[in-house]
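Undergrad: Quick check, what structure comes out for this input:
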Amino acid sequence: MGDPELWETVLGWLAQRRLSRGQVWQRLRRRQVEAGVARRLIERLEADGLLDDRAYARDLAEAEVRRGRGPAQIWARLRQRGFDEATIRETWAGLESTVDWRTIAESVAARYDRNDVRDRERLARKLDRMGFRAAIVQAVLEGQRLDEKS
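TA: Just a heads-up that it's a prediction; the model follows:
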């Protein structure tokens with residue numbers, strides 16, 4: 001496969017869906033493209049503005065927040081999409097300062113019976129699996145409990 005043909009193939013991939021640098025690298029290596037050729041191609045894509053991991057990671061993370069995903073789910077999704085650790089950490093730093101994690105946790109909690117002990121236990125496990133900090137889990141659990149005197 002010559003360089004112009006390879007370039008067209010990669011442009012076709014990017015026309016179908018947004019890809020990370022890591023995903024393009026994996027696809028090229030599966031096609032047994034030499035590492036040096038793959039590296040140059042990726043650098044050209046980045047130079048031409050066709051591949052931007054920072055912007056893609058940020059957009060993906062923000063979309064996951066809008067879907068009500070928890071911190072662990074978002075982190076895993078970024079890894080799954082092939083972003084390197086530095087990009088993930090940079091993206092995460094931007095999220096941490098702007099996202100109201102308590103509101104997201106409370107939206108998850110709304111699906112559980114607020115007075116049922118088992119539901120409260122299930123909710124605590126769910127929020128923990130989703131990666132919410134213990135303080136948020138506790139605050140959501142305490143905030144959900146209805147006043148027992150009324």
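Undergrad: after the host helix or strand of residue 63, next one along is what?
TA: Secondary structure assignment for residue 63, by DSSP states H and E: helix 53-66. Where DSSP H and E defines the elements, the next helix or strand beyond helix 53-66 is helix 71-80.
Undergrad: in that next one, what's buried?
TA: 71, 74, 75, 77, 78 (16 or more other Cβ atoms under 10 Å). For glycine as for every other residue, the C-beta is placed from the backbone atoms N, C-alpha and C.
Undergrad: Could you export the residues you listed to JSON lines, including columns for pLDDT?
TA: Putting those into JSON lines (pLDDT from 0 to 100) gives the following:
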{"residue": "71", "pLDDT": "96"}
{"residue": "74", "pLDDT": "97"}
{"residue": "75", "pLDDT": "96"}
{"residue": "77", "pLDDT": "97"}
{"residue": "78", "pLDDT": "97"}
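Undergrad: CA-only coordinates of the helix holding residue 63, as PDB, when you get a sec.
TA: Taking C-alpha atoms only, helix 53-66 is exported to PDB below (Å, rounded to 0.1, in the frame of the first residue of the first chain):
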ATOM      1  CA  ASP A  53      -6.200  14.200  20.900                       C
ATOM      2  CA  ARG A  54      -6.500  17.000  23.400                       C
ATOM      3  CA  ALA A  55      -9.700  18.300  21.800                       C
ATOM      4  CA  TYR A  56     -11.100  14.900  21.200                       C
ATOM      5  CA  ALA A  57     -10.500  13.700  24.800                       C
ATOM      6  CA  ARG A  58     -12.000  16.900  26.200                       C
ATOM      7  CA  ASP A  59     -15.100  16.600  23.900                       C
ATOM      8  CA  LEU A  60     -15.500  12.900  24.700                       C
ATOM      9  CA  ALA A  61     -15.200  13.500  28.500                       C
ATOM     10  CA  GLU A  62     -17.700  16.300  28.400                       C
ATOM     11  CA  ALA A  63     -20.100  14.100  26.500                       C
ATOM     12  CA  GLU A  64     -19.700  11.400  29.100                       C
ATOM     13  CA  VAL A  65     -20.400  13.900  31.800                       C
ATOM     14  CA  ARG A  66     -23.600  15.000  30.000                       C
END
